[in-house]
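1. fold the following and give me the result.
(chains A and B)
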There are 2 protein chains.
Amino acid sequence: MSNSLVEQLGYPPDTKLLIVHADDLGVTHSVNAASIKALESGAINSASIMVPCPWFPEIADYAKSHRDVDFGLHLTLTSERIYYRWGPVASGDKVRSLLDENGYLHHDWTAATKIDPREAEMELRAQIERAYAMGVRPTHLDSHQYRLDSTGKELFEVALRLAHEYKLPFFVTRDWFADFPYLAKSLGPDDVVIDHTITIEPNVPPAKWADFYKNAIRNMQPGVTELVIHLAYDDAEMRAATRERDTWGAAWRQRDYDFFISPDFRQLLQDQNILLITWRQIGNRSQHK
Amino acid sequence: MSNSLVEQLGYPPDTKLLIVHADDLGVTHSVNAASIKALESGAINSASIMVPCPWFPEIADYAKSHRDVDFGLHLTLTSERIYYRWGPVASGDKVRSLLDENGYLHHDWTAATKIDPREAEMELRAQIERAYAMGVRPTHLDSHQYRLDSTGKELFEVALRLAHEYKLPFFVTRDWFADFPYLAKSLGPDDVVIDHTITIEPNVPPAKWADFYKNAIRNMQPGVTELVIHLAYDDAEMRAATRERDTWGAAWRQRDYDFFISPDFRQLLQDQNILLITWRQIGNRSQHK
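-> Residues are numbered from 1 along each chain as shown, chains lettered A, B, ... in the order given. Now for the predicted structure:
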C-alpha cells in the first residue's frame, strides 16, 4: 500500500479528512449522555468506549441498538480519579501488576509501576471480549490516556496484536513518531496510520477554548486528522467524579461540548473544505486499495 | 444475657429506641451526597456502605475524616441494576458462582443460581478488608437486599461468622424469625437481635409516603427498632442508574429524603418519646451487661 491513507479511502491526496472523536464513553452517565447527544446531533461522528467502567452497560445497550454509530473501544489500564474508581475486567489475581493495593486499576503509573505486558494483554482481551459479549461491534481500538502508545514498545505491540487478532484498526498517528521511535518500527505495512491528531491541552485557558479549536481547524493539513475531544455535562455527577483536579474535569468537558455542539463548528468545517470520515470507513478501506 | 437489648443498653424495658438508617452508600454519587447531607443535618444517625460500588472511594474518604459517624458495611452480593453495574472485590476466578456471564455480580438470584457459600464468604471478607484498608472503621454489618438473611441458613451463617470474626454486630431482627426459622436457630446468646424493623415497600403509593412513615412511627413498640431508608437526589445520575424500574429508584429515594429531612419527622420522634440509638452504642453495649 504505497498510496496515502487519504488515497486508500478514495480521495485525492490533498483532501482534508477529519474524524471528530469523543473519548471516554462508559466512564460516567454524564459522559454517555453528552456524547450520545453530540452523536445524534451530528456534532461528532465517532467515539470510543471504556469497558471496565461502571456505565459501560448503558453505552453498550445504546451501541447494540444503534449499529450505524462509529464506536471503538477505548482500551483502559488506569482508573485515574480518586473518589470514583473501577477495577479490571479480567480476574484480579491474573493481572496483579495492573492493580493498586486496593484492587483498582492503578491511579497512575510511576517509575516504580511494573506493568506486565502479558497481563495487560490478558486484561485488554477481556475488555474486548466483554464488549462483544454485550453486543458492541467496535469499528476501532484506541488507548485511554495513550498509555499503549507512549509507554514503550512492549505495550504498543500488545495493542497491535489485539488489533490484528480482532481485525480492527488501532489509533496511531505519525505525529507521535518523533517522540516514540518504536511506533514506526513496530507498525507493519497493513497497519493504519492516521496523519495527524488534534487535542486540547491543559495550557489552554478556558476563555481561549473556542479559539484553540478554530485555529487548529483552520491550520489542518491534507490527510486524515483525528480530533480527540472529551464530552460531558458540568453536572453533579461529573463534578464529583473529577473534583480533585480541573484537567479533563467537568467544566473542561462542558466547554468541549459547548464548542462542538455549536453551528459555528460545522460552518467552519464547511468553510475549510474539510470532509468527515469514520473509523468504519477506514476499516473498510481495502475496498479502495 | 437474659435482659432485653434495651436493658443491655441501659434503658428501662419499655423504652422506644430507634436507629434511623440509610442503606446503599457508595452506590452512586447521588446517594452519597444525599446521605451525607442527611447525616450532617441529623435526619439520620446511621448508614451502611456498599464496598464493591464505584463511588465507595468517595464515601470511604468521608468516613475516614468523620470518625464519629455510625457507618456499617452493607455486604453486597448483587448488582441489581441494568445500565450501571459493578463486579466483585475478590478475584473473579475465585467467586464464579457470584458472577453473571459478563463478570458482574448477579442482577438477581433465581432458582437456577447456585451461590457457593464459601465464595460468598471469600467475597464478603474481601469487601470488609478493602473497607478497613481504605480507612473505614465500621460499627456494624448488614446485607444488601437482605440476601444473607433470607436465602437460607448457609448464607446467614456466613454473615454470622464474619460478624464474629470482625467483632461487629450483624443486623437481624426478630420480625423475620417467623419467615426464616433458621435465623433464631443459628444465632448464639451473644449475637445482637434488633426487636423490630420498619421499611417502606412498593405497595405504598407516592402520595401516601409521609403517612406510611408517620403511622409506622406512631405505632412503634418498646424495644430497639431500625428504620431502613434509601436516600438520594432525583437527579440525572440517579434517574439513569435506576430507570428500568421505579422501585428503590430516584423518585423513591428523593421522597425518603424529603420526609426524613423535614422538621416534622424530628418533631414526631419527640412527641412519641422515641430516643435515638446507634450501632456503635449497640456494639459497645457489653459495658452495660
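2. mean confidence (pLDDT) on stretch A:158-177, please.
-> The average pLDDT within stretch A:158-177 is 98.
3. scratch that, stretch A:123-137 is what I was asking about
-> Averaged over stretch A:123-137, pLDDT sits at 98.
4. same check, this time on stretch A:224-240
-> Averaged across stretch A:224-240, the pLDDT comes to 98.
5. what does stretch A:240-260 contact?
-> Contact partners of stretch A:240-260, identified using C-beta atoms under 8 Å, 6 or more residues apart in numbering or on different chains, comprise A:20, A:27-28, A:30-31, A:34, A:38, A:43-44, A:81-84, A:200, A:202, A:206, A:209-210, A:213, A:229-235, A:238-239, A:265, B:29, B:32-33, B:58. C-beta here means a position set from N, CA and C on the backbone, and glycine is covered the same way.
6. wait, I meant stretch A:190-210
-> So stretch A:190-210 is contacted by A:1, A:4-6, A:19, A:160, A:163, A:169-175, A:187, A:212-213, A:216-217, A:220-229, A:246-247, A:251, A:255-256, A:259, A:264, A:282 (C-beta under 8 Å, 6+ apart).
7. how distant is that stretch from the center of its chain?
-> With C-alpha atoms, centre = their mean, to the nearest Å as the basis, stretch A:190-210 stands 12 Å off its chain's centre.
8. kindly report the same for stretch A:52-59.
-> With C-alpha atoms, centre = their mean, you get 15 Å for stretch A:52-59.
9. got the contact list for it?
-> Contacts for stretch A:52-59 (C-beta under 8 Å, 6+ apart): A:25-29, A:31-32, A:35-36, A:49-50, A:71, A:76, A:79, A:86-89, A:105, A:127, A:130, A:134, B:53-54, B:82-86, B:240.
10. give me the low-pLDDT residue ranges for chain A?
-> For chain A, the stretches with pLDDT under 70 are A:1-2, A:286-289.
11. so which residues of it form helices?
-> Using DSSP state H, the helices of chain A run over A:5-8, A:29-40, A:56-65, A:117-133, A:147-150, A:153-165, A:182-186, A:209-218, A:236-241, A:250-261, A:263-271, A:279-283.
12. export these to a markdown table and tack on mean neighbour count?
-> Listed next are these as a markdown table, based on neighbours: other C-beta atoms under 10 Å in any protein chain shown:
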| stretch | mean neighbour count |
| --- | --- |
| helix A:5-8 | 19 |
| helix A:29-40 | 23 |
| helix A:56-65 | 21 |
| helix A:117-133 | 20 |
| helix A:147-150 | 20 |
| helix A:153-165 | 18 |
| helix A:182-186 | 15 |
| helix A:209-218 | 15 |
| helix A:236-241 | 23 |
| helix A:250-261 | 20 |
| helix A:263-271 | 13 |
| helix A:279-283 | 21 |
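13. surely A:Ser97 meets A:Asp116?
-> Yes - counting by C-beta atoms under 8 Å, A:Ser97 touches A:Asp116, with 4.1 Å between them.
14. what does the stretch 101-250 of chain A have sitting close to chain B?
-> A:101-103, A:126, A:130, A:133-134, A:233, A:235-237, A:240-241 (C-beta under 8 Å from any C-beta of the partner chain).
15. before we move on, the earlier item: which among the helices of chain A is found nearest to B:Ala112?
-> helix A:117-133 (19.2 Å; C-beta to C-beta).
16. how distant is that closest one from the center of its chain?
-> Distance, centroid of helix A:117-133 to centroid of chain: 16 Å (C-alpha atoms, centre = their mean).
17. name the residues that touch that helix?
-> A:49, A:51-52, A:56, A:60, A:73, A:75-77, A:88-90, A:94-98, A:138, A:141, A:148, A:154-155, A:157-159, A:161-162, A:166, B:101-103.
18. go on, stretch A:9-17?
-> A:4, A:6-7, A:220-225, A:272-277, A:281-282, A:285, A:288.
19. just the ones of those residues in strands?
-> A:Gly223, A:Val224, A:Thr225, A:Ile274, A:Leu275, A:Leu276 (DSSP state E).
20. so A:Arg266 versus chain B, what's the distance?
-> 26 Å (C-beta to the nearest C-beta, to the nearest Å).
21. err, A:Pro206, not the other one
-> 23 Å.
22. thinking A:Thr225 is in contact with A:Val6, fair?
-> No - using C-beta under 8 Å, A:Thr225 is not in contact with A:Val6, being 10.4 Å away.
23. wait, A:Asp23 sits on A:Ser46?
-> No - look at A:Asp23 against A:Ser46 with C-beta under 8 Å: they stay out of range, at 10.1 Å.
24. go through the ones in strands among the contacts of stretch A:9-17 and name the one nearest chain B.
-> A:Leu276 (28.9 Å; C-beta to the nearest C-beta).
25. just give the nearest non-adjacent residue to the closest one, would you?
-> In this structure, A:Leu276 finds its nearest non-sequential neighbour in A:Asn45, 5.2 Å apart by C-beta to C-beta, 6 or more residues apart in numbering or on different chains.
26. so how far is B:Met238 from the one you found?
-> Using C-beta to C-beta, to the nearest Å, A:Asn45 is found at 31 Å from B:Met238.
27. one more: A:Asp258?
-> 25 Å.
28. one step back: can you say which of the contacts of stretch A:52-59 are buried?
-> Neighbour counting with 16 or more other C-beta atoms under 10 Å in any protein chain shown marks A:25-29, A:31-32, A:35-36, A:49-50, A:71, A:76, A:79, A:86-89, A:105, A:127, A:130, A:134, B:53-54, B:83-86, B:240 as buried within those.
29. remind me, longest strand of chain A?
-> Per DSSP E, chain A has its longest strand at strand A:16-25.
30. quick one: distance of that one to the chain centre.
-> Worked out by C-alpha atoms, centre = their mean, strand A:16-25 lies 8 Å from the chain centre.
31. got it, and stretch A:238-252?
-> With C-alpha atoms, centre = their mean, you get 18 Å for stretch A:238-252.
32. now do the same end-to-end measure for that stretch.
-> Using C-alpha to C-alpha, to the nearest Å, one end of stretch A:238-252 lies 11 Å from the other.
33. neighbours of the closest residue to A:Ala47 other than its chain neighbours, how many?
-> Leaving aside its chain neighbours, A:Ala47 sits nearest to A:Ala22 (4.2 Å; criterion: C-beta to C-beta, 6+ apart). When neighbours are counted by other C-beta atoms under 10 Å in any protein chain shown, A:Ala22 registers 29.
34. now do the contacts for A:Ala22.
-> Taking C-beta under 8 Å, 6+ apart, one finds A:Ser35, A:Ala38, A:Leu39, A:Ile44, A:Ser46, A:Ala47, A:Ser48, A:Ile229, A:His230, A:Leu231 in contact with A:Ala22.
35. can you tell me how far it is from A:Pro138?
-> Distance from A:Ala22 to A:Pro138, by C-beta to C-beta: 14 Å.
36. what's the answer for A:Phe212, then?
-> Taking C-beta to C-beta, one finds A:Phe212 at 29 Å from A:Pro138.
37. pretty sure A:Leu269 contacts A:Ile217?
-> Yes - checked against C-beta under 8 Å, the pair A:Leu269 and A:Ile217 is within contact range at 7.0 Å.
38. quick one: A:Ala33 and B:Ala236 touch, right?
-> Yes - using C-beta under 8 Å, A:Ala33 makes contact with B:Ala236 at a distance of 7.0 Å.
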